[in-house]
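>>> with the sequence up front, the predicted model follows.
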Amino acid sequence: MSPNRVDVQRDGSEAPEAALHRLYGYSRFRRLQRPIVSAMLADRDVIAVLPTGAGKSICFQLPALMREDLTLVVSPLISLMQDQVAGLRHRGLAAAELSSATPVADRSRAEDALAARELRLLYASPEMLASPRFRSLCASSRPGRIVVDEAHCISEWGHDFRPSYRRIGEFARAVGRPPLAAFTATATPATRSDVEACLGLRRPLRVVASVDRPNLHWSAARVRGLREAIDRAGAEVLTSLRSRPGSGAILYAPTRRTAAQAAEALCRLGVRASYYHAGMDPDGRRHVQDRFLAGDLAVVCATSAFGMGIDHPRIRLVCHCGMPGALESYVQEAGRAGRDGERAAALLLATPRDRRIHALLARGGDRGSSHLRRARARLRAMIGYVDTSGCRRSYISSYFGERPPACSGCDRCDGAGQRLPWTRRLRFDRRREGRLPAGSTETEET
């Protein structure tokens, strides 16, 4: 028996607050967690949009550990699945993960535990749902709940469309159609509507947290190229680390090579930095991640492969050396700063190279493709954010269908912003993005 084993009571008599304290050590729920947990325990469908750091995992882990049956969690993030399962097992809880990266012996043990109905939480990549054996095992074990993490991947309106995600609703029906819950950090109204329709959610509880992060300062600037972007980012990182000892930073780069170059440049400045990208072997990536979380590294220079589920409360700066292709991606990545609620900054350094790359994307493919048209619309919105002469915080909130808040910090409102000469002012049109969902959310914070 694990020395850290937690005994789980499932007689239905324990209040969620008591279970939260016993299983996780927290005295109270974070904002919006409690109604989600209650709906999950009541076998109700749920769709929840909660920003980075809002505690999404507790919203589905806690109800799963208070139940007798299996909760299946579908996630595209293999490293995050592995980390969460390792944490649950360390505390003596019955959990497993299945993906293309699962070793054969571990896969066999997980499948045996699934067949014996010994698991309470099973994490699986979306591609696993297409396996006839996996489907047969799930049909026999009859999961009591299916949770879809990173649910924007379901949607053709979303910034990271995954075809395998479109088949989750059909899989759920094949295994008895248990209650469904969809979680994501960023989703426009059109994306949320598409997710609901694709999964076939039935009168779900809709919980939508405001995308606004009052503690984040938003800024963007024009630079002449990647070298200037790296130099400017290095200066910002040094300022941030010196002003707040013990803090950390993430520098996002458009390519693996640029990530490595940025890390080398920071090391020459005396900064404890390393790089991270999908081309590294799994052990190398995990080593960098573990050193960053432990505080041995102050900065990670990475491609977009880094950051999902990273629980580092002291990140004070997220800097992008290059413009992402969608505002959804940018807001989610930038939101990894300031998870502890303290002041933090998100800086985007746009280069002329971004324009060339995205222009090639816009010219490529089938011009009649609805997916490509939506990609272009998201790109126009991203360029509009960089080029706006107005409040950046208001721009983000308006894009996600919220009322613009009073600005608590952006370079435009500070008067320090720069206009990019290589872009033209563009406005996003919500009618182009897609049909907005009818009705209002039942729980919404805007």
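Received the coordinates, thanks. Numbering: from 1, shown residues only.

>>> okay, CA-based contacts and neighbour counts for the rest of this
OK.

>>> what ranges do the helices span in the stretch 201-350 of the chain?
For the stretch 201-350 of the chain, the helices defined by DSSP state H, counting those that start in this stretch occupy 226-243, 256-268, 282-294, 327-334.

>>> ranking the ones you listed by mean pLDDT, which is last?
Of all those, the minimum mean pLDDT falls on helix 282-294 (a mean of 87).

>>> name the residues of that one that are buried.
The neighbour-count check on helix 282-294 (16 or more other Cα atoms under 10 Å) flags 285, 288, 289, 292, 293 as buried.

>>> list the helices and strands it packs on?
Under the contact criterion of 3 or more Cα pairs under 8 Å, 6 or more residues apart in numbering; DSSP states H and E, helix 282-294 touches strand 273-276, strand 299-302.

>>> buried ones in stretch 157-176, by neighbour count?
Of the residues in stretch 157-176, 157-162, 165-169, 171-172, 175 count as buried by neighbour count, 16+ other Cα under 10 Å.

>>> please enumerate the strands of this protein.
46-49, 71-74, 95-98, 121-124, 145-148, 180-184, 205-208, 216-222, 248-252, 273-276, 299-302, 315-321, 344-350, 443-444 (DSSP state E).

>>> make CSV out of those strands and add mean pLDDT and mean neighbour count.
Shown next, in CSV, are these (pLDDT from 0 to 100; neighbours: other Cα atoms under 10 Å):
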stretch, mean pLDDT, mean neighbour count
strand 46-49, 97, 25
strand 71-74, 96, 25
strand 95-98, 94, 24
strand 121-124, 96, 24
strand 145-148, 97, 24
strand 180-184, 96, 25
strand 205-208, 96, 22
strand 216-222, 94, 23
strand 248-252, 96, 28
strand 273-276, 96, 26
strand 299-302, 96, 27
strand 315-321, 96, 27
strand 344-350, 96, 24
strand 443-444, 48, 14
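
>>> could you dump the ones you listed into a markdown table with distance to residue 394 added?
Putting the strands of the chain into a markdown table (distance: least, Cα to Cα, whole Å) gives the following:
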| stretch | distance to residue 394 |
| --- | --- |
| strand 46-49 | 19 |
| strand 71-74 | 33 |
| strand 95-98 | 40 |
| strand 121-124 | 37 |
| strand 145-148 | 30 |
| strand 180-184 | 21 |
| strand 205-208 | 17 |
| strand 216-222 | 11 |
| strand 248-252 | 24 |
| strand 273-276 | 32 |
| strand 299-302 | 28 |
| strand 315-321 | 19 |
| strand 344-350 | 15 |
| strand 443-444 | 18 |
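
>>> looking at those, which is nearest to residue 380?
Proximity to residue 380, assessed across these by Cα to Cα, is greatest for strand 344-350 (14.1 Å).

>>> coming back round to it: just the helices of the stretch 201-350 of the chain: most buried one?
Among these, helix 327-334 has the highest mean neighbour count (mean count of other Cα atoms under 10 Å), at a mean of 21.

>>> which other residues reach that helix?
Contact partners of helix 327-334, identified using Cα atoms under 8 Å, 6 or more residues apart in numbering, comprise 51-52, 158-159, 185-187, 304, 307, 318-319, 324, 346, 378-379, 381-382, 385, 396.

>>> what of stretch 198-214?
With contact meaning Cα under 8 Å, 6+ apart, stretch 198-214 is reached by 32, 36, 39, 44-51, 154-155, 166, 168-170, 180, 186, 335, 393, 396-397, 400, 402, 405, 407-409, 441-446.

>>> picking up where we left off before, do you know which of the helices of the stretch 201-350 of the chain lies nearest residue 276?
If we rank those by Cα to Cα, the stretch that ends up nearest is helix 282-294, at 6.1 Å.

>>> export that closest one as CSV, just CAs?
Extracted in CSV, the C-alpha atoms of helix 282-294 (Å, rounded to 0.1, in the frame of the first residue of the first chain):
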residue,chain,number,x,y,z
PRO,A,282,10.1,12.2,-24.1
ASP,A,283,12.7,11.8,-21.3
GLY,A,284,14.4,15.1,-22.4
ARG,A,285,11.1,17.0,-22.5
ARG,A,286,10.1,15.7,-19.1
HIS,A,287,13.6,16.6,-17.6
VAL,A,288,13.2,20.2,-18.8
GLN,A,289,9.7,20.4,-17.5
ASP,A,290,10.6,18.9,-14.1
ARG,A,291,13.6,21.3,-13.7
PHE,A,292,11.3,24.3,-14.5
LEU,A,293,8.7,23.2,-12.1
ALA,A,294,11.3,22.6,-9.4
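
>>> quick one: it to strand 248-252, angle?
Counting by axes from the mean of the first three to the mean of the last three Cα atoms, to 10 degrees, helix 282-294 lies at 140 degrees to strand 248-252.

>>> now helix 282-294, how far from the centre of its chain.
19 Å (Cα atoms, centre = their mean, to the nearest Å).

>>> ditto for stretch 213-228
Between the centre of stretch 213-228 and the centre of its chain there are 21 Å (Cα atoms, centre = their mean).

>>> for the stretch 1-150 of the chain, which segments count as helices?
Along the stretch 1-150 of the chain, counting by DSSP H, counting those that start in this stretch, helices occupy 16-24, 33-41, 56-65, 78-90, 104-115, 132-141.

>>> would you mind pulling up the elements that the fourth one packs against?
Under the contact criterion of 3+ Cα pairs under 8 Å, 6+ apart, helix 78-90 touches strand 95-98, strand 121-124.

>>> what do you get if the cut-off is 7 Å, keeping everything else the same?
strand 95-98 (3 or more Cα pairs under 7 Å, 6 or more residues apart in numbering; DSSP states H and E).

>>> quick one: pLDDT of residue 339?
Note on residue 339: pLDDT of 87.

>>> for it, give me its contacts.
Residues in contact with residue 339 (Cα atoms under 7 Å, 6 or more residues apart in numbering) are 53, 313.

>>> repeat the analysis, applying 8 Å as the threshold.
Residues near residue 339 by Cα under 8 Å, 6+ apart: 52, 53, 312, 313, 314, 315.

>>> which of the helices of the stretch 201-350 of the chain sits closest to residue 217?
For residue 217, the closest of these is helix 327-334, at 10.2 Å, according to Cα to Cα.

>>> dump the closest one to PDB, restricted to CA.
The C-alpha coordinates for helix 327-334 follow below in PDB (Å, rounded to 0.1, in the frame of the first residue of the first chain):
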ATOM      1  CA  LEU A 327      -6.300  34.600 -30.800                       C
ATOM      2  CA  GLU A 328      -7.600  31.500 -29.000                       C
ATOM      3  CA  SER A 329      -4.100  30.000 -29.000                       C
ATOM      4  CA  TYR A 330      -2.400  33.200 -27.900                       C
ATOM      5  CA  VAL A 331      -4.800  33.900 -25.000                       C
ATOM      6  CA  GLN A 332      -4.400  30.300 -23.700                       C
ATOM      7  CA  GLU A 333      -0.600  30.300 -23.900                       C
ATOM      8  CA  ALA A 334      -0.300  33.800 -22.500                       C
END
